[in-house]
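Trainee: Please find the sequence and the predicted model below.
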Amino acid sequence: MKKIFYIETFGCQMNEYDSEKISGMLENLDYNRTKNINNANLIIYNTCLIRENAENKLYGKLGALKKLKMEKDDLILAVGGCIPQNEEIRNYILDKYPFIDIIFGTNTFYKLPEMINKHMNNSHEILVELEKNSSNLNENLPTVRKYEHKAFVNIMYGCNNFCSYCVVPHTRGRERSRNSKEILNEVENLASQGFKEITLLGQNVNSYGNDLDGDYRFTQLLEDIEKINEIERIRYVSSHPKDVGDEFIDFLGRSKKVCNHMHLPIQAGSSKVLKEMNRKYTKEDYIQIIKKLRNSVPNISISTDFIVGFPGESEEDFEETLSLCREVEFDAAFTFIYSVRPNTPAGKRIDQINDEVKHKRFNRLLETLYPIFYERNLAYKDKVVKVLVDKISKNKDEYLTGRSRSNRIVHFKGNSNLIGKIVNVRINKVKTWFLKGVLTEEEAYE
Ligand code: 5AD
Ligand code: SF4
C-alpha cells in the first residue's frame, strides 16, 4: 500500500514547526506528502485553541471528513496539537467525531509513528496519547523544512505567564528551555546545509534559560549564534515586555546579524486592562522599552498583538489603546477580538463586552493602525534595502517576494534563481502591507 499523508496546521509558528517535525518523521517512514486531501490515507490536523474561531475551523473540517472516512476503509485520521490538550474539548471531540483514529497532544507528536503502527494492528480502538509537561524536548527528530534558506529553531516550550485570557499555559505546560548546546548544534547543522536565516521560537524567548542551571540566557544564546559564520540573519518570536532587559537591548544595538525587527505584543493600551490581563507591565513601562529600543537600534521596526474587547474594557480604556498606537507608531500588528477560552480567569468574568461593541472597536483599531503602517513604510520610498528572497510571488509569476531586515514584504521582478539569495532592491512603491521595487547594485541603506 502506498503511504500518503496530508497535514494541515492551524495557529502559530510553534505548530508550524511541530508539523515540520511530524512531516520529517513520516517521510522517514516512507510516507509521501500530498497537498490533495482526497489522495491521502493518513490525514493529520495539527490544531490550535487560542481563539474560538480556530476551534470552529477544526469542527468544520472534521464534519466534512465524515463522508471520506466512511468511503475509504484504510483512511487514518489523526487530530493533534493544542485542542486535545483540553480534557473537556477532547471528550467533546471523541463523542461528536467517533471516527477519529488517533489523538495526540503538543508534547506527544513524537509518538505518532508508534501510534500509526498500533492502529494498523488494531484499527478498532481510538488511540489517545497526551502529556502535560513532557521532559521530552523532541531532540534529534528529522524535520522537513518549508524553505531551504530560512528555518525555525525552537529554543523553549511552554509558558509560565498565565495571562488571564490565554489558554497556552494550559495547553503547552510550563516553560522548558532546550539545552544551549543542542540549539547551537542544530543551528550549526543548518548553517552547513546553506541556511542563511534562523528564527528562534518560543512563547517567550526572552525568558530563555530561566529554568536551567547557570546564568546562560537569551542574550548569550544570540551572541553565540551570531558567531556562526554562514548565518546572516537572526530573528526571534515572541518576546514578553516584562522580560526585555537593558542587556538585551544593548546587544541588539551592537549586533550585526539580529534583524532590526521586534515582535513585542502589547495587547492593550490601558494600564488597568493590562493589570487585569496579568501582563505585569504598565502602558508607561511599554513606552519606556520602545524608547530604549529605538535609541539603541536604528530603524527598528516594532510589531505587536492587540486584543480588543477584553472583559470590562471601557470606551476610555479602548481610547487609550488608540492613543498608544499613535504614540508608539507600530510598523505592523496582529489584531484579535477577545475570545472566551476554557478554564481562563477572563473567560469566567461576567462583564464580557457584547459582540457589536467588540467589532466596532476592532474596526476603529484597524482604521487607526493602517495609516500608521503606511506612514512607516513611506520612510522606505526610494531607499535601497537588502532582501532575502523567499519565493515566486503568489499573484504574478515574473515577480519574486522576500523580506527586508525590518521584516517588510518586498516584491520585485527577478529570476527564480535568486530564491534563497540576499539581493538589493530599490523601493519605488509603498503600500500598507508591502513594498515594491527593482533590483539594483547600489549600496543598501538597511
Ligand atoms: N482572545 C483573543 N486573542 C487572544 N490571544 C491570546 N489569547 C486570546 C484570546 N483569548 C492573542 C494574543 C496573543 C496572540 C498570540 O493571540 O494577542 O499575543
Ligand atoms: Fe499566552 Fe501570555 Fe503566555 Fe503569550 S505570554 S502564551 S499570551 S499566557
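Mentor: Cool, the structure landed. Ligands and ions are numbered 1, 2, ... in the order given.
Trainee: Could you find the closest non-adjacent residue to the residue of the stretch 301-446 of the chain found nearest ligand 2?
Mentor: Nearest residue of the stretch 301-446 of the chain to ligand 2, counting by Cβ to the nearest ligand atom: D305, 7.9 Å away. Every C-beta, even on glycine, is put in place using the N, C-alpha and C of the backbone. Take D305 and drop its neighbours on the chain: the residue closest to it by Cβ to Cβ, 6 or more residues apart in numbering is P265, 3.8 Å away.
Trainee: need the contact list for Y208.
Mentor: By Cβ atoms under 8 Å, 6 or more residues apart in numbering, the contact list for Y208 reads I155, M156, S177, G202, R217, F218, L221.
Trainee: So for the third one, what's the pLDDT?
Mentor: Pointing back at S177 there. Per-residue confidence (pLDDT) for S177: 96.
Trainee: Roughly how far does it sit from E327?
Mentor: 34 Å (Cβ to Cβ, to the nearest Å).
Trainee: out of the two, which sits in the busier spot?
Mentor: A side-by-side neighbour count of S177 and E327, using other Cβ atoms under 10 Å, places S177 first with 23 against 13.
Trainee: Low-confidence ranges, the stretch 101-250 of the chain, go.
Mentor: By pLDDT under 70, the weakly predicted segments of the stretch 101-250 of the chain are 135.
Trainee: Now do the helices in it.
Mentor: Along the stretch 101-250 of the chain, counting by DSSP state H, counting those that start in this stretch, helices occupy 112-121, 168-172, 180-192, 218-226, 246-254.
Trainee: Tell me the one of the contacts of Y208 nearest R341?
Mentor: Nearest to R341 among these: G202, at 20.5 Å, using Cβ to Cβ.
Trainee: wouldn't that closest one be in contact with I155 here?
Mentor: Yes - between G202 and I155 there is a contact at 5.1 Å, judged by Cβ atoms under 8 Å.
Trainee: Helices of the stretch 251-400 of the chain, start to end?
Mentor: 271-276, 283-296, 315-328, 355-378.
Trainee: In JSON lines, list those helices along with distance to ligand 1.
Mentor: Shown next, in JSON lines, are the helices of the stretch 251-400 of the chain (distance: least, Cβ to the nearest ligand atom, whole Å):
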{"stretch": "helix 271-276", "distance to ligand 1": "12"}
{"stretch": "helix 283-296", "distance to ligand 1": "14"}
{"stretch": "helix 315-328", "distance to ligand 1": "12"}
{"stretch": "helix 355-378", "distance to ligand 1": "10"}
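Trainee: Need the winner for burial among those helices.
Mentor: Compared across the helices of the stretch 251-400 of the chain, helix 271-276 shows the largest average neighbour count, a mean of 19 (mean count of other Cβ atoms under 10 Å).
Trainee: tell me the contacts of K391?
Mentor: Y147, L400, T401, I419.
Trainee: and it, what are its bridge partners?
Mentor: Taking DSSP bridges, one finds T401 as the beta-bridge partners of K391.
Trainee: is the helix or strand K61 falls within up against ligand 2 anywhere?
Mentor: Here K61 sits within helix 52-71, counting by DSSP states H and E. No - applying Cβ under 6 Å from any ligand atom, one finds helix 52-71 separated from ligand 2 by no less than 13.8 Å.
Trainee: Parallel or antiparallel, which strands does the helix or strand following that helix pair with?
Mentor: Going down the chain from helix 52-71, the next helix or strand is strand 76-81, by DSSP H and E. Looking at strand 76-81 with DSSP bridges, its partner strands are strand 42-47 (parallel), strand 102-104 (parallel).
Trainee: okay if I get those strands as CSV plus mean neighbour count and distance to K69?
Mentor: CSV is the format used below for these (neighbours: other Cβ atoms under 10 Å; distance: least, Cβ to Cβ, whole Å):
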stretch, mean neighbour count, distance to K69
strand 42-47, 25, 9
strand 102-104, 23, 13
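Trainee: So which residues on the protein come close to ligand 2?
Mentor: Contacts of the chain with ligand 2, taken as Cβ under 6 Å from any ligand atom, map to C159, N161, F162, C163, C166, V168, P169, Q203, N204, H240.
Trainee: Name the member of the residues you listed with the most neighbours.
Mentor: Going by other Cβ under 10 Å, V168 tops the residues of the chain next to ligand 2 with 24 neighbours.
Trainee: Spit out the contact partners of the residue nearest to it when sequence neighbours are not counted.
Mentor: Leaving aside its sequence neighbours, V168 sits nearest to C159 (Cβ to Cβ, 6+ apart; 5.0 Å). By Cβ under 8 Å, 6+ apart, the contact list for C159 reads C166, V168, P169, R172, R174, E175, Q203, N204.
Trainee: which non-adjacent residue is nearest the fourth one?
Mentor: Across the structure, with Cβ to Cβ, 6+ apart as the measure, the residue nearest R172 apart from its sequence neighbours is G158 (4.7 Å).
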